[in-house]
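**Q** What follows is a predicted structure for the sequence shown.
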Amino acid sequence: MTTITIGLSLSLSGEYAPMGLQAHAAIRLFAADMNAAGGIFVGGAAHQVALELHDDASDPARCASIYRALCAEHRADILFGPYSSRLVGVAAPIAEEAKRVLVNHGGAADDLYERKYRMLVGVLSPASEYLTGFVKLLATLKFWRKRLAIVAPQSPFARAVAGGVERACAERRIRRRGVKIRVKYNADFDPATSPATLFPALKRNRVNALLSAGSYAHDVTVMRAVTASALNIPVLACVAAGVESFRADLGEHAEGIVGASQWEEHAAIEPELGPTPSEFARRMRAAGAGENSDYVAAQAYAAGLLAAAALVNADALDQERMRSAFSDLRVSTLYGDFSIDRVTGRQVGHRMLLVQWHQGRKVVIEPEPRDDAATLEFPSGWRLILAGLEMIKMNRGPETIESDTIDSDRIESDEIAEAEISGDRIGSEGADKPGHGSQGPQERRRRRRRDHDERDKD
């Protein structure tokens, strides 16, 4: 029996190894499953799936060398991308120049689809959509002033996530519910030096929601520093919270933190192709891939299913016909819906999930609760705790803040750019105005009415 070879690199060592190893286990499982089922039927014949997989060691130069060899020597019939936007950004132009289809299962940065690549096929949702659901969630919480801080380095992925959040916050219905960005920290977070710059700005602007968007290590470092501080920020979110290892790395401080996930084992998906999410997770465990599989593994396995379907529809190993078949494909897998923009290859069918750590486990939550949702409780530690799987439904407890008791000045946000970390900070106007603490109840009520009137005019 002839073979169809999938060529790719994955980070089996180096910075991205935790994710690369999951993708490696999943793609090997896909090949085994496909071959056990009789292979892929193309051109009237069954073909076994073979893998040519190399360790890029999380190194861009090594990654480039691998893809140049795969393309130049025609050692693969179809290319899968590496893990991380950084490495996909290296592989994509090489595949494009060679006119080879590159199935991108590991890079979410939006700018990958803004470079006019014709042969790139996106499996996962773009980074700009990762935490827009968190903004919707924040808008529904039962206190009026939602003062948000965004902590993101200058990587393309991080800036794409942050940019999507900023655009969501600018929507009229979100602004009308009191959500405003107060602080932007656009730099790598160093736990030894960054708190001295960032934390005073958070306190001065009375930030009550903080979002971190960066690499896994960046997010864990930020969350560890914030939860260990005296800031008492009640609502926290980060990209890394969507990964199972987040709880082990952060311990009990993970409780209540919201995250983004491309996929969850218990997601209610009835796939047209391949196993259900729970069946896939069970198969991964049986294959020795560990107790928990993250979306990184699911998107790699889904990439295999989608490539097989495109190859069957193209009925040839011709690259242009394969790319056209991907454009026409509308199908669901364990990963969710698949549909791409015909021109850019950007994924438009898949939808992100919002998750939250609750009693030591991840639960899927809806960003916008039903109208009968109750009030928001701030438990011990002032961190947001989820009360259910289907909606945010929180009963008022002993430590509760009602929206009309929050008396906030209108203050300008601090924007701390990378070049400003060691220099002077841009001060916020009105954050520490004298006299507000001594205002009488009548004046406070007048100010609250003014605030609500101004909100209605927005």
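**A** Good, I have the coordinates. Numbers count the residues shown, from 1 in each chain.
**Q** From here on, just use CA atoms for contacts and neighbour counts.
**A** Noted.
**Q** ok, now how distant is the residue nearest to Leu202 when sequence neighbours are not counted from Leu137?
**A** Leaving aside its chain neighbours, Leu202 sits nearest to Val183 (6.9 Å; criterion: Cα to Cα, 6 or more residues apart in numbering). Using Cα to Cα, to the nearest Å, Val183 is found at 19 Å from Leu137.
**Q** Same check on Ala46?
**A** Separation of Ala46 from Leu137 (Cα to Cα) stands at 48 Å.
**Q** Flag every buried residue along the longest strand along the chain.
**A** Counting residues, the longest strand found in the chain (DSSP state E) is strand 45-55. Applying a neighbour-count criterion of 16 or more other Cα atoms under 10 Å, one finds Ala46, His47, Gln48, Val49, Ala50, Leu53, His54, Asp55 buried in strand 45-55.
**Q** and the second one, what is it in contact with?
**A** To tie it back to what came earlier, the one meant is His47. By Cα atoms under 8 Å, 6 or more residues apart in numbering, the contact set of His47 is Met1, Thr2, Thr3, Ile4, Gly38, Gly39, Ile40, Phe41.
**Q** What score does it have for pLDDT?
**A** In this prediction, His47 carries a pLDDT score of 96.
**Q** quick revisit: quickly check the buried residues of strand 45-55 for the two that are furthest apart.
**A** Ala46 and Asp55 (28.9 Å; Cα to Cα).
**Q** Show the secondary-structure elements that the one helix or strand Ser324 maps to is packed against.
**A** Element membership of Ser324 [criterion: DSSP states H and E] is helix 319-328. For helix 319-328, the packing partners by 3 or more Cα pairs under 8 Å, 6 or more residues apart in numbering; DSSP states H and E come out as helix 295-314.
**Q** Pass me the low-pLDDT residue ranges in this protein, would you?
**A** The chain contains residues with pLDDT under 70 at 1, 290-291, 367-458.
**Q** Pretty sure Gly38 sits against Ala32.
**A** No - between Gly38 and Ala32 there is no contact under Cα atoms under 8 Å: 10.1 Å.
**Q** Pick out whichever of the two has more residues nearby.
**A** In this view Gly38 and Ala32 are compared by other Cα atoms under 10 Å, and Ala32 has more residues nearby, 15 against 12.
**Q** Just the CA trace of the helix or strand where that one lies, in CSV.
**A** Assigned by DSSP H and E, Ala32 belongs to helix 17-36. In CSV, the C-alpha atoms belonging to helix 17-36 read as follows (Å, rounded to 0.1, in the frame of the first residue of the first chain):
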residue,chain,number,x,y,z
ALA,A,17,8.2,21.5,24.6
PRO,A,18,5.2,21.1,26.9
MET,A,19,2.8,22.0,24.1
GLY,A,20,4.9,20.4,21.3
LEU,A,21,4.9,17.1,23.1
GLN,A,22,1.1,17.1,23.3
ALA,A,23,0.8,17.9,19.6
HIS,A,24,3.3,15.1,18.9
ALA,A,25,1.2,12.5,20.8
ALA,A,26,-2.0,13.6,19.1
ILE,A,27,-0.7,13.5,15.5
ARG,A,28,0.8,10.1,16.1
LEU,A,29,-2.6,8.9,17.5
PHE,A,30,-4.3,10.4,14.4
ALA,A,31,-1.9,8.5,12.0
ALA,A,32,-2.5,5.2,14.0
ASP,A,33,-6.3,5.7,13.9
MET,A,34,-6.4,6.5,10.2
ASN,A,35,-4.2,3.5,9.3
ALA,A,36,-6.3,1.2,11.4
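**Q** all helices of this structure, in order?
**A** Secondary structure of the chain (DSSP state H): helices at 17-36, 60-72, 85-97, 132-140, 156-169, 172-175, 194-204, 216-228, 245-250, 277-286, 295-314, 319-328, 441-457.
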